[in-house]
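Provided below for reference: sequence and predicted model.
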Amino acid sequence: METPTKAIERLRREIGPDLSILAHHYQNDDIVRHADLTGDSLELARKIPALSARHVVFCGVFFMAETAAILANPGQKIHNPEPEAGCVMSEMAPEVVAKAVMDRLATLGRRIVPLTYVNSSAGIKALVGAAGGAVCTSANAKKMLAWALTQGEAVLFLPDKNLAQNTADQLGLPPSERALLDIRAMGEKLDLTAAAKAKLLMWPGLCLIHHRFKTEHIASARQNAPGVKVVVHPECPPEVVAAADAAGSTSFIIRYVAEAPEGAVVAIGTEINLVRRLAKQYAGKKTIFPLIPSACLNMAKVTEAKLAALLADIEHAPATRVDPAMAASAKLALERMLAVS
């Protein structure tokens with residue numbers, strides 16, 4: 001019986017140039033080995049418009065396939081091997097709640113520019129685009145927040161409060177000019193007095209995978225491996241980022257490890273698949289280990305068997321679709337990001 005690995009290899013040969021497979025860095029090696037392109041959200045977003053394949057398979061979570069569909073060329077179909085692979089962070093910012101909160105904030109009479117992390121639904125991106133805002137990723141959050149701060153009197157950053165705080169720290173924006181929003185009761189519990197004074201309004205979402213990292217994990221790594229360098233993702237809590245030697249996107253982490261001298265010991269605070277891949281890549285040259293193992297269960301929903309099943313009937317497989325009106329507004333937000341960064 002043909003294994004999923006062999007089936008994927010055969011089907012890729014049969015489909016040929018009509019197929020491109022993209023995989024996020026948090027996918028496991030069984031998926032990454034089949035990918036034409038791997039990257040973080042910004043890298044892959046940049047590459048979508050240049051792809052000529054009719055079928056683009058995005059191995060990641062739902063918002064990534066949505067983003068690809070928004071940026072896709074006419075006639076191109078975007079597929080996800082597991083459409084049910086969600087993102088807890090993105091689900092913390094439902095479109096209907098965000099619209100209600102934005103409407104309440106509008107009563108202040110201030111020009112509040114929305115900036116959404118790419119880890120958000122197409123609906124959120126559309127709201128942001130229609131309001132003159134943009135998207136950001138962990139790789140360009142500093143540049144995009146700096147841009148957004150020049151576009152109005154304040155910025156609404158959603159949905160990740162940790163990335164918002166860490167980016168504000170990078171820009172030197174004092175805590176006194178930030179406000180964490182209470183979004184309960186469709187925005188009725190908002191402290192409008194605090195919101196009227198703040199330059200940065202932060203949605204209270206977070207990434208469960210990165211929020212697990214604590215300062216005690218860094219302390220333990222330093223105690224057990226003297227001389228260790230610690231690098232973490234900016235979705236980690238601010239105190240963790242402050243305690244680390246460096247923080248940055250998945251691409252930053254990959255470069256950090258690559259540029260570390262031979263014999264270096266590096267502890268990483270991000271999704272475990274990337275950490276294991278780097279540990280394997282540099283085995284015998286550098287020592288790479290996780291602060292703690294932290295896995296994204298939604299990323300793990302994409303399997304070789306599901307990828308093989310998709311490719312076996314790719315011509316009839318349902319594509320990821322975004323309502324055209326929503327896609328148009330969301331694309332404005334994405335294009336502003338691509339233009340600025």
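Perfect, I can see it now. Residues are numbered from 1 along each chain as shown.

OK, contacts around residue 95?
121, 123, 124, 126, 127 (Cβ atoms under 8 Å, 6 or more residues apart in numbering). C-betas here are computed from N, CA, C, even on glycine.

I should have written residue 147 there, sorry.
Taking Cβ under 8 Å, 6+ apart, one finds 134, 340 in contact with residue 147.

and with 7 Å instead?
By Cβ atoms under 7 Å, 6 or more residues apart in numbering, the residues touching residue 147 are residue 340.

Out of the contacts of residue 95, which is nearest to residue 145?
Nearest to residue 145 out of the contacts of residue 95 is residue 124 (Cβ to Cβ; 16.7 Å).

re earlier: restricted to helices, list the contacts of residue 95.
If you go by DSSP state H, those have 123, 124, 126, 127 in helices.

Let's see if you can find the most crowded of the residues you listed.
residue 124 (27 neighbours; other Cβ atoms under 10 Å).

could you dump the ones in helices among the contacts of residue 95 to TSV with distance to residue 313 and pLDDT?
Output for the ones in helices among the contacts of residue 95, formatted as TSV (distance: Cβ to Cβ, whole Å; pLDDT from 0 to 100):
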residue	distance to residue 313	pLDDT
123	29	97
124	32	98
126	31	98
127	35	98
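
ok, those residues vs residue 192, which is closest?
Using Cβ to Cβ, residue 127 comes nearest to residue 192 of the ones in helices among the contacts of residue 95, at 19.6 Å.

Not counting the longest helix seen in the chain itself, show me its contacts.
Longest helix of the chain, by residue count under DSSP H: helix 324-340. Contacting residues not belonging to helix 324-340 are listed as 45-46, 67, 70-71, 116, 122-123, 125-126, 128-130, 133-136, 140, 143-144, 147, 322 [Cβ under 7 Å, 6+ apart].

One more: stretch 46-57?
Counting by Cβ under 7 Å, 6+ apart, 17-22, 37, 68, 71-73, 75-79, 81, 310, 314, 338 sit against stretch 46-57.

and these, which of them are in helices?
Using DSSP H, the contacts of stretch 46-57 in helices are 68, 71, 310, 338.

Now pLDDT and distance to residue 240 too, for these, in CSV please.
Below are the ones in helices among the contacts of stretch 46-57 laid out as CSV (pLDDT from 0 to 100; distance: Cβ to Cβ, whole Å):
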residue, pLDDT, distance to residue 240
68, 92, 31
71, 91, 32
310, 98, 37
338, 87, 30
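
And those residues, which two are furthest apart?
Farthest pair in the ones in helices among the contacts of stretch 46-57, by Cβ to Cβ: 310 and 338, 27.9 Å.

Would you mind telling me which of those two has the busier surroundings?
residue 310 (22 against 16).

Looking at the residue found closest to the more buried one once you drop the neighbours it is linked to in the chain now. What's its pLDDT?
Spatially, and ignoring its direct neighbours in sequence, residue 310 is nearest to residue 81 (4.9 Å; Cβ to Cβ, 6 or more residues apart in numbering). pLDDT recorded at residue 81 is 97.
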